[in-house]
Structure formats: structure tokens, C-alpha cells
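Peer 1: Have a look at this prediction, sequence included:
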Amino acid sequence: MDSRVHPFSRYLASFLLASAAFIVFFAFAYGVAYLNYESISSHTSLIASSVEQFEHILVNFSCNPAVHIAASSRFDLIASKISLLEKRFGKTDYRLASLKINYSDLEYRHFLITERFNLECASDFMTIFFFYSNRNDALERRSERIGFILTALQRTHPDEVMIYSFDADLNSTLVRDLKERYEIDVVPVVVVNGEEPFVPRYLAELEAYLDE
């Protein structure tokens, strides 16, 4: 009796094996894509609810310090989540564009709350707008250098400094309006307390504003 395997059997086995591998790969890829979508969707919902919360604070404003502390805690939480998403997907990933536009709107609302505390509650928060870009490697490196300085400033003076970072390349009406208002022609750059934009090179340059 011939014990050799018929070629058709080998082809069928190879086909079934390849099909199974494809199905497993497709299921894995679909699962990852779904989880990524769910992650971005959940963050979008979190930002939307935070925008509503900040709007409520502005409409029903009071000089209770706990209000600013709570808003800042929520703002910091979302900022950390955005940072993690950028590390996960990449800073220029198209899926994050709309999320970052919404986040920029949230940042500005937090700034308005801080500004109200400065104007109406005798607070003295230092506010910094940081316009950065990841459009190419050179801009990203320069942006990261300024980012390190700003991080050091905030760690040293956590209760005095409020930093708002805006991706200058976003297709955002808010970001375009801010760049026009402060005459931002090149990035990266910072605007401290609404004054002239400049490029900080040392921590001491920013700390000098705290002594004014």
C-alpha cells in the first residue's frame, strides 16, 4: 500500500494553516484597533465632560481656592493621559488630531479660570503659553528642550505656575487665533503672562517672572 501523502493533501493542509494564521492575525489586528478606538473615544468623552465642568465654573465663578485646585487636578490628569496617548500612537498620529483640538479648548478654558482668579481673587499665578511643533525632527528637538525647562519650572513652583501647551500645527481655530493675537511667526516659543513671545534657554529666565 502506498503510504506517501498525496500532493493535494499537502496543499490542503498548507491552505488551512495559512487561513488559520490569517484569521488569528485579523482577529488580533481588529482587537487592537478596537481597543485603540475605545481608548481615544473614552478620552474624547472625558475631555468633553471636563469642558462642560470648566464652563460651569466660569459661569458660576467664585474665589474659592478649592475650585481652582479641583479644576487644576482634573486638567493635570487629562494632560498626563494625552501625553501617554502621544507616546502610544506617536505625536503626529492623525487619530489624535481631533482629540488634541478638543484638549486645546479645554486648556484655554482652564486658562480663563486662572485669569479670573488673578483678576478677581488677588491670586498671582504665572501663566505660560507654550507653542510647540513636531512637524520635523529639528522643531521637535527644540520643542523638547523648552519642554524640559518648563517641566523643571513647574516642578519647582507647582502652586505658582500654570503651563498651557499648544501644538502650533493643529488645524484649530483657537490655536490660530492665539498665534495671531501674540504674533507667533516661529515656533517653538513661549508667552509668559501675555507678554512678548520669546525662546527661553535657561530656567532662570522664566523664574525671573516670579520675582516681579
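Peer 2: Good, I have the coordinates. Numbering: from 1, shown residues only.
Peer 1: And the strands in the chain?
Peer 2: Remark: strands assigned in the chain by DSSP state E are 126-132, 161-167, 189-192.
Peer 1: With distance to residue 152, mean neighbour count and mean pLDDT added, can I get those strands in CSV?
Peer 2: Glycine gets a C-beta too; all of them are placed from N, C-alpha and C. Putting those into CSV (distance: least, CB to CB, whole Å; neighbours: other CB atoms under 10 Å; pLDDT from 0 to 100) gives the following:
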stretch, distance to residue 152, mean neighbour count, mean pLDDT
strand 126-132, 13, 22, 97
strand 161-167, 10, 22, 95
strand 189-192, 13, 22, 98
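Peer 1: My read is that residue 207 contacts residue 153, right?
Peer 2: Yes: between residue 207 and residue 153 there is a contact under CB atoms under 8 Å: 6.8 Å.
Peer 1: Tell me who's in contact with the spatially most central residue of the chain.
Peer 2: For the chain, the residue sitting closest to the mean C-alpha position, by CA atoms, centre = their mean, is residue 82 at 4.1 Å. For residue 82, the contact set (CB atoms under 8 Å, 6 or more residues apart in numbering) comprises 43, 99, 100, 103.
Peer 1: Among the residues you listed, which are located in helices?
Peer 2: Those of the contacts of residue 82 mapping onto helices are 43, 99, 100, 103, per DSSP state H.
Peer 1: from these, which two are the most distant?
Peer 2: Across these, the longest distance by CB to CB is 10.3 Å; it joins 43 and 100.
Peer 1: more crowded one of the two?
Peer 2: Set residue 43 next to residue 100 and count neighbours by other CB atoms under 10 Å: residue 100 wins out with 23 against 19.
Peer 1: what about stretch 197-205, start to end distance?
Peer 2: Terminal residues of stretch 197-205 lie 13 Å apart, using CA to CA, to the nearest Å.
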